[in-house]
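Asks: The amino acid sequence is not available; the structure is as follows:
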Ligand SMILES: [Fe+2]
């Protein structure tokens, strides 16, 4: 079974949702994906691409307490490890498929909020790495899906619907404390560290994630 998750409809306030769906971004090809990184750090520092400082601050101020509460509910042992939040905008081409993967252990809470268009395909959850018991969290504008990764039961993927480019806001609570995470999850630190190091290369060459 996929680990505990939460689906929340109408997650973003309308002003934020409307701003994000109307944001002018580069046109991408059907087979492409484009990720715009925006990060808010614990000390207030911001790294951004397609959003401005005010907007990122505003997102953090508005939703941080709510998502921390979700983390507390979904994986209480990880609650105290938060260091930064990601507000990435991901544009997925209609023919693009991101392979089945578990998220990096640096992610305490993984969140996706479906933005546009009105009809597309939602995130797919699986029981295991082979894609058993596929379950799609249906696409609905402003619907959020949150979960806290676990080594063996948080496999998921996403893809375009063959018709239009899919825009989503990925909202993650993050840490750099990998040793602590490995202790909590009872997984081997060295093995995980090597896997995390290799994954970007393996993805680039083989479109697979370890
Ligand atoms: Fe993921």
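Replies: All right, it came through fine. Model, not experiment: these values are computed from the prediction. Residues are numbered from 1 along each chain as shown.

Asks: what are the ranges of the strands in the chain?
Replies: In the chain, the segments counted as strands under DSSP state E are 5-8, 33-36, 39-41, 46-47, 84-92, 97-101, 107-116, 124-125, 135-136, 144-147, 156-159, 166-174.

Asks: Can you lay out those strands as a markdown table showing mean neighbour count, distance to residue 183 and mean pLDDT?
Replies: C-beta coordinates here come from the backbone N, C-alpha and C atoms, glycine included. As requested, the strands of the chain are arranged in a markdown table below (neighbours: other CB atoms under 10 Å; distance: least, CB to CB, whole Å; pLDDT from 0 to 100):
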| stretch | mean neighbour count | distance to residue 183 | mean pLDDT |
| --- | --- | --- | --- |
| strand 5-8 | 16 | 23 | 98 |
| strand 33-36 | 17 | 30 | 97 |
| strand 39-41 | 17 | 24 | 98 |
| strand 46-47 | 15 | 28 | 98 |
| strand 84-92 | 21 | 20 | 98 |
| strand 97-101 | 17 | 22 | 94 |
| strand 107-116 | 23 | 14 | 98 |
| strand 124-125 | 20 | 26 | 98 |
| strand 135-136 | 13 | 30 | 97 |
| strand 144-147 | 24 | 20 | 98 |
| strand 156-159 | 20 | 24 | 97 |
| strand 166-174 | 22 | 17 | 98 |
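
Asks: To residue 202, which of those lies closest?
Replies: strand 97-101 (10.0 Å; CB to CB).

Asks: Can you list the helices and strands that the closest one packs against?
Replies: With contacts defined as 3 or more CB pairs under 8 Å, 6 or more residues apart in numbering; DSSP states H and E, strand 97-101 has these neighbours: strand 156-159.

Asks: Just checking: what are the partner strands of the strand it packs on?
Replies: Using DSSP bridges, the strands paired with strand 156-159 are strand 97-101 (antiparallel), strand 124-125 (antiparallel).

Asks: re earlier: same list, the strands of the chain, but as TSV with distance to residue 65 please.
Replies: Compiled in TSV, the strands of the chain are given as follows (distance: least, CB to CB, whole Å):
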stretch	distance to residue 65
strand 5-8	14
strand 33-36	25
strand 39-41	14
strand 46-47	19
strand 84-92	12
strand 97-101	29
strand 107-116	13
strand 124-125	26
strand 135-136	29
strand 144-147	14
strand 156-159	26
strand 166-174	12
